[in-house]
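**Q** could you work out the structure for the sequence below:
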Amino acid sequence: MLIQARMRMGASWSDIVIHNISSRGMMVRTEQPPEPGTYVEIRHGMQTIVGRAVWRTVRNFGIRTQDRIDMEALASGQDSPAAQRPAPSDQRAAPDVAFRATRSRQTSALLQYILIGVVGLTAAGFAAREVYVLLTRPLATVTSHLSNGG
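**A** Numbers count the residues shown, from 1 in each chain. Sure, this is the predicted structure:
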């Protein structure tokens, strides 16, 4: 049995293929399987399945689900009365949300880098000014003695 579905892991979505289903788990194939212990959300049609990865190979992983799986409804693609409903937003919009979240993290990291740079340059400016003041006093004294005595 092969069922095309979508999986959310953290903020990112990916395409998956469900290979085997039991009442409390399934074997899934994907390009980047999650590490054991990672919680995932799998959506097929109107069904949402939440589970935790328990094992992993190069392209496959197994999950133990939080609730019982209605195997017949999942295999037929029909809605299960026991299945959780997805959030009101359209499932296809989820990658856009993930993209915006990633973009937001990148923007905040860039702003943080710029702020650290500005603070560093300001501190370097203050340090340079203090060194200048510290060195000009003795040099002024030496210059005045050389011009008066020579």
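
**Q** show me where the protein has helices.
**A** Secondary structure of the chain (DSSP state H): helices at 71-76, 94-149.

**Q** dump those helices to TSV, plus mean neighbour count and mean pLDDT.
**A** Every C-beta, even on glycine, is put in place using the N, C-alpha and C of the backbone. TSV is the format used below for the helices of the chain (neighbours: other Cβ atoms under 10 Å; pLDDT from 0 to 100):
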stretch	mean neighbour count	mean pLDDT
helix 71-76	15	75
helix 94-149	10	87
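
**Q** so can I have CSV of these showing distance to N60?
**A** Below are these laid out as CSV (distance: least, Cβ to Cβ, whole Å):
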stretch, distance to N60
helix 71-76, 18
helix 94-149, 23
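
**Q** among those, which is nearest V40?
**A** Comparing those by their distance to V40 (Cβ to Cβ), the top pick is helix 94-149, with 13.3 Å.

**Q** coming back round to it: do you know which of the helices of the chain lies nearest I18?
**A** The nearest among the helices of the chain, by Cβ to Cβ, is helix 71-76 at 7.6 Å.

**Q** for that closest one, packing partners?
**A** strand 12-22, strand 47-56 (3 or more Cβ pairs under 8 Å, 6 or more residues apart in numbering; DSSP states H and E).

**Q** ok so, going back, could you point out which of the helices of the chain sits nearest I21?
**A** helix 71-76 (5.0 Å).

**Q** before we move on, the earlier item: let's have the helices and strands packed on helix 71-76 in a markdown table, adding distance to N148.
**A** Output for the helices and strands packed on helix 71-76, formatted as a markdown table (distance: least, Cβ to Cβ, whole Å):
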| stretch | distance to N148 |
| --- | --- |
| strand 12-22 | 75 |
| strand 47-56 | 83 |
